[in-house]
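*Asks:* sequence first, predicted model second:
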Amino acid sequence: MTTTAVRPPSSAPVSSRSPSRARRLDRFWIVAVVIAANGVVAVGLWFRHGQLDTVSGPGAIATAAGQLTGLVGTYLILVQLLLMARLPWMERYAGFDRLAVWHRWNGFAAVNLLVAHTVLITMGYAAADHISLVDQTRQFVSHFADVLMAFVGLALLIAVSVTSVKIARKKLERETWYFVHLYAYLAVALGFAHQLAVGTDFSDDAAARYWWVSLYVAVFGAILIWRVATPLMFNARHHLRVHSVKEEAPGVVSIHLTGRNLDRIGAQPGQFFLWRFLDRHGWWQAHPFSLSAAPTPRRLRITVKKLGDQTARLQKIRPGTRVFAEGPYGAFTAERRTRRRVVMIAGGIGITPLRAMLESLSGNPGDITLLYRVISDRDVIFERELTEFATKRGITVCVITGSDIGDDQTDKLGIPALANLVPDVAGSECYVCGPPHMTDAVRRRLHALGVPNRHIHYERFAY
């Protein structure tokens with residue numbers, strides 16, 4: 001599906017940094033510096049209170065290490081919550097995928113440190129009192145304020161961490177995984193009183209205690225603003241409803257939405273929302289779907305593939321159904337473009353954000369190439385629309401059929417194939433969206449072909 005343009009749009013100059021992106025970059029680094037500075041303060045408290053001088057005698061080293069790991073681990077839990085607080089400038093600069101990776105690894109580090117804190121403190125106190133670990137644990141629960149609640153909180157955090165391991169994650173419904181993660185907030189609340197009551201860095205230092213409480217207030221304030229208040233105001237303003245449902249391909253439908261003042265929605269093509277369809281079956285379930293067309297003052301469109309019970313239900317959602325949306329989220333937008341040539345690589349339903357972005361990308365004939373991988377020709381989505389992009393704007397559209405991702409050399413999107421399909425790929429801005437295994441393979445191959453990491457933008461579609 002490749003043609004030349006009939007009436008090509010004029011090419012707009014490509015800027016490396018728009019003013020709005022520069023502002024988000026500045027805010028992102030302000031947040032990053034604040035996080036790092038407070039981390040230094042947290043460790044500095046341990047030294048300020050002379051804890052290093054107490055490292056002598058039976059169990060002293062274990063106790064000191066336990067204090068330090070507890071302090072750092074608890075601080076990382078606060079960072080963990082902040083990473084998923086939906087701060088807009090962090091979302092738009094770092095991107096949801098990157099924030100999710102940071103969130104996952106920071107979470108594992110925090111839980112491991114808190115487990116180490118529990119074990120080391122117990123070992124240290126037991127050695128100092130010359131009693132067993134079991135007896136020491138009993139003493140903690142019986143005589144130390146809020147220790148039992150802290151144990152329960154740690155158990156909840158371990159449960160959250162275990163369900164985040166890839167093997168466990170694949171076996172859980174998204175909704176189950178989501179509700180398990182909500183227990184992290186309860187875990188943080190259970191541990192808070194324990195920290196102030198027996199934490200040696202806070203119990204006798206009013207300034208340190210005030211600073212620590214302020215961190216909690218700031219983090220939970222951000223969560224309340226961006227995850228609760230902002231979505232409520234957004235939906236009160238726009239009143240989204242399902243307008244119509246259109247079949248695009250077998251098992252794939254586009255859901256057209258209407259609402260009020262959609263010209264003020266603030267979304268860019270390529271971004272996604274969390275959608276709740278407020279019928280009796282699915283009001284409590286949030287689904288992440290990208291816009292599959294550029295937003296207009298009257299309409300939004302998402303496209304859903306049947307991949308499970310919940311997405312199957314959405315194939316037959318009734319017109320008029322109220323919709324609750326959170327967003328827009330993500331940094332997978334044309335705003336990141338800094339090169340004239342653009343290469344888009346889509347796999348399956350991953351075509352949706354790229355289809356939306358094609359409306360906002362400027363360029364002369366031949367500047368934009370779309371490689372679209374599907375299992376078979378009958379699985380092509382938006383065929384008519386993609387043909388129009390090709391004939392009217394000179395966008396190169398190549399449909400590649402095949403089910404499995406092969407090795408880097410023989411696959412239809414392997415290194416030789418990419419070099420043949422897009423000879424100047426090394427000098428192009430690349431956007432990749434599809435299933436995780438395909439996205440990761442294509443990113444690796446683009447690196448091998450000389451595309452710098454800063455010119456590869458990607459989004460994984462887990463379902």
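*Replies:* Everything's here; your move. Keep in mind that this is a model prediction, so the values were computed, not measured.
*Asks:* the strands in the stretch 301-450 of the chain, which residues?
*Replies:* For the stretch 301-450 of the chain, the strands defined by DSSP state E, counting those that start in this stretch cover 322-329, 342-347, 368-374, 396-401, 429-434.
*Asks:* tell me the strands beside the first one, with direction?
*Replies:* Pointing back at strand 322-329 there. Using DSSP bridges, the strands paired with strand 322-329 are strand 240-249 (antiparallel), strand 272-277 (antiparallel).
*Asks:* if we can go back for a sec, turn the strands of the stretch 301-450 of the chain into TSV, columns for distance to Leu196, mean neighbour count and mean pLDDT.
*Replies:* Yep, even glycine has a C-beta here, placed from its N, CA and C like the rest. Shown next, in TSV, are these (distance: least, Cβ to Cβ, whole Å; neighbours: other Cβ atoms under 10 Å; pLDDT from 0 to 100):
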stretch	distance to Leu196	mean neighbour count	mean pLDDT
strand 322-329	33	20	93
strand 342-347	50	26	96
strand 368-374	55	24	96
strand 396-401	59	17	94
strand 429-434	46	26	96
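*Asks:* out of these, nearest to Phe108?
*Replies:* Phe108 lies closest to strand 322-329 among the strands of the stretch 301-450 of the chain, at 23.2 Å (Cβ to Cβ).
*Asks:* okay, domains of the protein per the record?
*Replies:* Domain ranges of the chain: 19-226, 236-329, 334-460, per automatic domain parsing.
*Asks:* centroid-nearest residue for the protein?
*Replies:* Nearest to the mean C-alpha position of the chain, counting by Cα atoms, centre = their mean, stands Phe96 at 3.1 Å.
*Asks:* my read is that that residue contacts Pro328, right?
*Replies:* No. Between Phe96 and Pro328 no contact is recorded; they are 10.5 Å apart, counting by Cβ atoms under 8 Å.
*Asks:* any common contacting residues for these two?
*Replies:* With contacts defined as Cβ atoms under 8 Å, 6 or more residues apart in numbering, the residues shared by Phe96 and Pro328 are Phe272.
*Asks:* show me the contacts for the nearest residue to Tyr458 once chain neighbours are set aside.
*Replies:* Of all residues not flanking Tyr458 in the chain, Val432 sits nearest, at 4.3 Å (Cβ to Cβ, 6 or more residues apart in numbering). Contacts for Val432 (Cβ under 8 Å, 6+ apart) come out as Met344, Ile345, Ala346, Thr439, Val442, Arg443, Leu446, Ile456, His457, Tyr458, Glu459.
*Asks:* quick check: Val432 vs Leu186, distance?
*Replies:* As defined by Cβ to Cβ, to the nearest Å, Val432 lies at a distance of 38 Å from Leu186.
*Asks:* swap in Gly221?
*Replies:* Counting by Cβ to Cβ - Gly221 and Leu186 are separated by 18 Å.
*Asks:* quick check: closest non-adjacent residue to the residue nearest to the centre of the chain.
*Replies:* Nearest residue to Phe96 in three dimensions, chain neighbours excluded: Gly330, at 4.9 Å (Cβ to Cβ, 6+ apart).
*Asks:* phi, psi of that neighbour?
*Replies:* Backbone dihedrals for Gly330, given as degrees, to the nearest 10, come out at phi 100, psi 150.
*Asks:* quick check, it in contact with Glu91.
*Replies:* Yes. Assessed by Cβ under 8 Å, Gly330 is found in contact with Glu91 at 6.7 Å.
*Asks:* please, which helix or strand holds the spatially closest residue to Leu300 that is not a sequence neighbour?
*Replies:* Excluding the flanking residues, the one nearest Leu300 by Cβ to Cβ, 6+ apart is Leu257, at 4.4 Å. Secondary structure assignment for Leu257, by DSSP states H and E: strand 252-258.
*Asks:* nothing else from me, thank you.
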